[in-house]
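1. Model the structure of this input:
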Amino acid sequence: AGIYMTILSFIMLLFSIMAAKQYRLMYWYMATGGNLNGKDLKLVGDEYKDEDGQGIDIEYNKLVSRVSSYFNELDHDKDGRIGAGELHSFAEQALKRNLSNSERYTLQAFLDCSCNGYISKQDWIKQFCDYGPVRFL
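-> Numbers count the residues shown, from 1 in each chain. Next comes the predicted model:
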């Protein structure tokens with residue numbers, strides 16, 4: 001039983017690392033405005049200027065503005081929350097691939113920090129803007 005549990009723990013650790021990588025890709029997608037190739041486009045949040053004029057470190061207000069605009073865009077029924085289907089479609093858009101149900105569930109469980117079954121705007125902003133690089137989910 002000990003060997004089985006050790007192997008199972010190792011597998012769970014690998015899945016946790018992969019889920020965190022997907023979260024970071026979704027974060028980067030929103031932080032760059034879906035502009036992964038560095039094209040010079042006017043993005044939501046660009047009304048906030050960086051202190052040094054460089055675009056390397058995104059300001060907190062700029063990031064909140066972009067993350068909030070993505071939430072508003074994803075909330076198709078305008079009920080102030082994102083469900084499983086809306087999260088799934090956004091993850092597919094950001095990651096450029098289909099998600100399995102377990103991957104979607106892991107992301108939703110992490111983003112739903114209030115544990116009410118859906119992702120509110122406050123949860124969305126808190127989880128994407130207030131956490132640094134996440135290594136494990």
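2. Could you identify the longest helix within the chain?
-> What stands out as the longest helix in the chain, according to DSSP state H, is helix 2-31.
3. Just the buried residues of that one, please?
-> Within helix 2-31, the residues scored as buried using 16 or more other CB atoms under 10 Å are Ala19, Ala20, Gln22, Tyr23, Met26, Tyr27, Tyr29, Met30, Ala31. In this view, the C-beta of every residue, glycine as well, is placed from N, C-alpha and C.
4. Toward the C-terminus, what is the element adjacent to that helix?
-> Next along the chain after helix 2-31, taking DSSP states H and E as the criterion, comes helix 60-74.
5. Output the contacting helices and strands for that next one.
-> Packing partners of helix 60-74 (3 or more CB pairs under 8 Å, 6 or more residues apart in numbering; DSSP states H and E): helix 2-31, helix 84-95, helix 121-129.
6. can you do 7 Å?
-> Secondary-structure packing of helix 60-74 (3 or more CB pairs under 7 Å, 6 or more residues apart in numbering; DSSP states H and E): helix 2-31, helix 121-129.
7. Between the two ends of stretch 122-137, how far is it?
-> 19 Å (CA to CA, to the nearest Å).
8. and it, how far out from the chain's middle?
-> Distance of stretch 122-137 from its chain centroid, counting by CA atoms, centre = their mean, to the nearest Å, is 7 Å.
9. Was I right to think Thr106 contacts Leu137?
-> Yes: between Thr106 and Leu137 there is a contact at 5.6 Å, judged by CB atoms under 7 Å.
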